[in-house]
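In: Below are the sequence and a predicted model; questions follow.
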Amino acid sequence: MKNFSRLVLMIGCLCWLLVPGVWLMVPDVQAQSASQNFTTWLEQLRTEARTAGISQETVDTALADIKAPQQRVIDRDQNQPEKTQSLEDYVATRVSKERIAEGCRMLRRYPTWLDRIERQYGVQRRFIVALWGIETNYGRHTGKLPIIQSLVTLAYDGRRGDYFRKELLEALQILDAGHIALPYMKGSWAGAMGQFQFMPSSYRHYAVDANGDGRIDIWNSVPDALASAANYLAKAGWKDDQTWGRPVKLSAKVDSSLAGLKTRLPLSRWQALGVRRSNGRALPLRELQASLIIPDGQAGQAYLIYNNFRVLRRWNRSNSFAVAVGTLSDRYDAQ
Ligand SMILES: [Ca+2]
């Protein structure tokens, strides 16, 4: 009986597939309706942009060539690699000899701007340059995708549509203000733009016109980009009389419940607990508040981290990222 039902089912399915056009038609209808949905969505977006005060001309120009969501952006969004890399490997790949040498060249190439920016924003130049090196290899890899197209796709189809819709409207505001022309507004598939990979909302809050030409150009103007990054760090609470943290050695077994960003203790307390500089010497005598982190587990490198490490984590919520920026900035000094 069971077999008989299966047979009927199979024949039924076969007949259905043999009806001319049915199986060809279904995806077609789906595609048509998806395309209608997208057109309607785009219309609503246009209205919202106009209501937000963005000019008709900007809306028309920016959205003129946008006909459908971009599959390559959706693919990237859905296939982000899992974070399995150890901190040690992450730092080793990003703090390469070439990158250290190139950073030193950048420090020599922009002394006047870095002087000015360091004083104005209260951020040591080595950190600004290290951030530049980690984010885009000093402006070499800023991303080649059209920002509006990526953000439209992520806002329409992505897992965080509301977030990207706001970023898209911010990007349209940037175009409307004339800071950059549409063909040059490029970046990563996720909408990060320019020399320091600012999202459009970060641009609005932190980007500045350092060279005084009336435009905030974080793509092509190195002074604008450096000052914008420094301004971000300053607003996030950077302290220029301190470093980021340091690699340390544990000379005695430290209670593992004390490790982690939640516990903050003065350096003298860490000293008493047996934490030493990586060369074995005593910790600095300043009474800074610090946390102990051991990202790769007990066998891995331990770090004492200070306030500025937390600021770097506001830029990118990753210990690996913050340690890489800090380590790179230390290497320039060592040169
Ligand atoms: Ca400018």
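Out: Good, I have the coordinates.
In: Could you pull out the buried residues of stretch 170-185?
Out: For stretch 170-185, burial by neighbour count (16 or more other C-beta atoms under 10 Å) applies to Glu170, Ala171, Leu172, Gln173, Ile174, Leu175, Asp176, His179, Ile180, Met185. Placement of C-beta: from N, CA and C, glycine included.
In: Now tabulate those in TSV and tack on distance to Ala62.
Out: Output for the buried residues of stretch 170-185, formatted as TSV (distance: C-beta to C-beta, whole Å):
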residue	distance to Ala62
Glu170	12
Ala171	8
Leu172	6
Gln173	11
Ile174	10
Leu175	6
Asp176	9
His179	13
Ile180	11
Met185	9
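In: Sort out which one of those residues lies nearest the ion for me.
Out: His179 (8.3 Å; C-beta to the ion).
In: isn't the closest one right next to Gly214, touching?
Out: No: with contacts counted by C-beta atoms under 8 Å, His179 stays clear of Gly214, the gap being 9.0 Å.
In: what's the first-to-last distance across stretch 183-191?
Out: 15 Å (C-alpha to C-alpha, to the nearest Å).
In: Near the ion, which residues of the stretch 101-250 of the chain? Just list them.
Out: Within the stretch 101-250 of the chain, the positions near the ion by C-beta under 5 Å from the ion are Asp209, Asn211, Asp213, Arg215, Ser221, Asp224.
In: pretty sure the third one is in a strand, no?
Out: No: residue assignment for Asp213, taken from DSSP: H, G, I helix; E, B strand; the rest coil, gives coil, which places it outside any strand.
In: That one: neighbour count?
Out: 11 (other C-beta atoms under 10 Å).
In: Pass me the low-pLDDT residue ranges in the stretch 201-335 of the chain, would you?
Out: Residue ranges of the stretch 201-335 of the chain with pLDDT under 70: 334-335.
In: Now do Pro183 against the ion, distance only.
Out: 18 Å (C-beta to the ion, to the nearest Å).
In: helix, strand or coil for that residue?
Out: Per three-state DSSP, Pro183 ends up helix.
In: Point me to the residue of the stretch 1-150 of the chain nearest the ion.
Out: For the stretch 1-150 of the chain, C-beta to the ion, closest residue to the ion: Trp113, 11.8 Å.
In: Disregarding residues adjacent in the polypeptide, which is nearest to that residue?
Out: Once flanking residues are discounted, Trp113 sits nearest to Pro223: 4.8 Å by C-beta to C-beta, 6 or more residues apart in numbering.
In: With His205 instead?
Out: Lys235 (7.4 Å).
In: Against which helices or strands is whichever strand or helix holds the residue nearest to Trp113 packed?
Out: Assigned by DSSP states H and E, Pro223 falls within helix 222-235. The contact analysis (3 or more C-beta pairs under 8 Å, 6 or more residues apart in numbering; DSSP states H and E) places helix 222-235 against helix 111-121, helix 125-136, helix 200-206, helix 307-315.
In: In a markdown table, list those along with mean neighbour count.
Out: A markdown table is the format used below for these (neighbours: other C-beta atoms under 10 Å):
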| stretch | mean neighbour count |
| --- | --- |
| helix 111-121 | 16 |
| helix 125-136 | 25 |
| helix 200-206 | 19 |
| helix 307-315 | 20 |
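In: who touches the closest residue to Pro284 other than its chain neighbours in this structure?
Out: Excluding its sequence neighbours, the residue lying closest to Pro284 (C-beta to C-beta, 6+ apart) is Leu267, at 6.2 Å. Neighbouring residues of Leu267 by C-beta atoms under 8 Å, 6 or more residues apart in numbering: Leu283, Pro284, Leu285, Arg286, Glu287, Leu288, Ala290, Leu304.
In: picking that back up, surely the residue nearest to His205 is in contact with Tyr206?
Out: Yes: using C-beta under 8 Å, Lys235 is in contact with Tyr206, at 6.1 Å.
In: neighbours around the residue nearest to His205, how many?
Out: Around Lys235 there are 13 residues (other C-beta under 10 Å).
In: So it versus Val152, what's the distance?
Out: 29 Å (C-beta to C-beta, to the nearest Å).
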